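1. show me the folded form of this:
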Amino acid sequence: MTSRRRCIQLGAFALAPPLLATRLPAVAAQLEVAQSVPAPASPALGERIHWPPVRLLDGRPMHAPVPGEAASVIVFFSTTCPFCARHNVHVQKLLQASRGTPLRILAVAQDRSEANIRTYLQRRGLDLDVTMEDAAMRKALTTLKGVPITCAVDRQQCLREVIRGEMFEEDVLALARWAAKV
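-> Numbering: from 1, shown residues only. Presented below is the predicted three-dimensional model:
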């Protein structure tokens, strides 16, 4: 029999105290099962990325770079996220500052409407390569939820950074360092 103490340790009483008083053992058993299910594994930092083929909004395919060819910065965003709007301005500055260097920048929109994404990019003056293939890119790079999320991949195609949340401009611009490292 599961004790009251075990249910408290599992956090069961935070859910619904009156209900749990009558169904304590059954709920505790369900919580133990739920906690024993492992979360999907994120690619580890330093691990080689297996790039999925993606199509950009303009119809061009974006293929995986050859190891040693180019580093990449990938930004997951949403057109409705105010933090993403500010963050993407910094990413645009990174794009402009890194022209002519071996750095690819890809924005991954989680939105479903191509028209909304195009309007978003136009209104903000963003010239980023954008794909809508959010699920495939998240599977390849991170299981973190939310936006914005910024990932840096070095020139050998190994995952180096996964950063959740809005970044300061100087931190975004510093991601160009991955293009210099061979």
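
2. and the residue nearest the centre of the chain?
-> residue 149 (4.2 Å; C-alpha atoms, centre = their mean).

3. who's in contact with the nearest residue to it once chain neighbours are set aside?
-> Among residues not flanking residue 149 along the chain, residue 76 sits closest, at 4.3 Å (C-beta to C-beta, 6 or more residues apart in numbering). (Glycine included, C-beta is placed from N, CA and C.) Each residue near residue 76 by C-beta atoms under 8 Å, 6 or more residues apart in numbering is listed here: 108, 110, 134, 137-138, 142, 147-151.

4. circling back: got a list of what the residue nearest to the centre of the chain touches?
-> For residue 149, the contact set (C-beta under 8 Å, 6+ apart) comprises 75-76, 142, 162-165.

5. just the residues you listed: which are in strands?
-> In strands, defined here by DSSP state E, the members of the contacts of residue 149 are 75-76, 162-164.

6. of those, keep whichever come out buried.
-> Among the ones in strands among the contacts of residue 149, those scoring as buried are 75-76, 162-163 (criterion: 16 or more other C-beta atoms under 10 Å).

7. re the thing from before, which one of the contacts of residue 149 is nearest residue 83?
-> If you rank the contacts of residue 149 by distance to residue 83 using C-beta to C-beta, residue 165 comes first, at 7.0 Å.

8. give me the neighbour count for residue 170.
-> Residue 170 has 8 neighbours, counted by other C-beta atoms under 10 Å.

9. how about the secondary structure of it?
-> Assigned with DSSP: H, G, I helix; E, B strand; the rest coil, residue 170 falls in the helix class.

10. now swap in the one 3 residues further on and tell me
-> Using three-state DSSP as the criterion, the local structure at residue 173 reads helix.

11. so who does the residue nearest to it when sequence neighbours are not counted touch?
-> Nearest non-adjacent residue to residue 173, counting by C-beta to C-beta, 6+ apart: residue 94, 5.5 Å away. Residues counted as contacts of residue 94 (C-beta under 8 Å, 6+ apart) are 73, 103, 105, 172-173, 175-176.

12. kindly reformat these as TSV containing pLDDT, distance to residue 86 and neighbour count.
-> Output for those, formatted as TSV (pLDDT from 0 to 100; distance: C-beta to C-beta, whole Å; neighbours: other C-beta atoms under 10 Å):
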residue	pLDDT	distance to residue 86	neighbour count
73	98	16	23
103	97	21	22
105	98	17	19
172	98	10	23
173	98	14	16
175	98	16	25
176	97	19	18
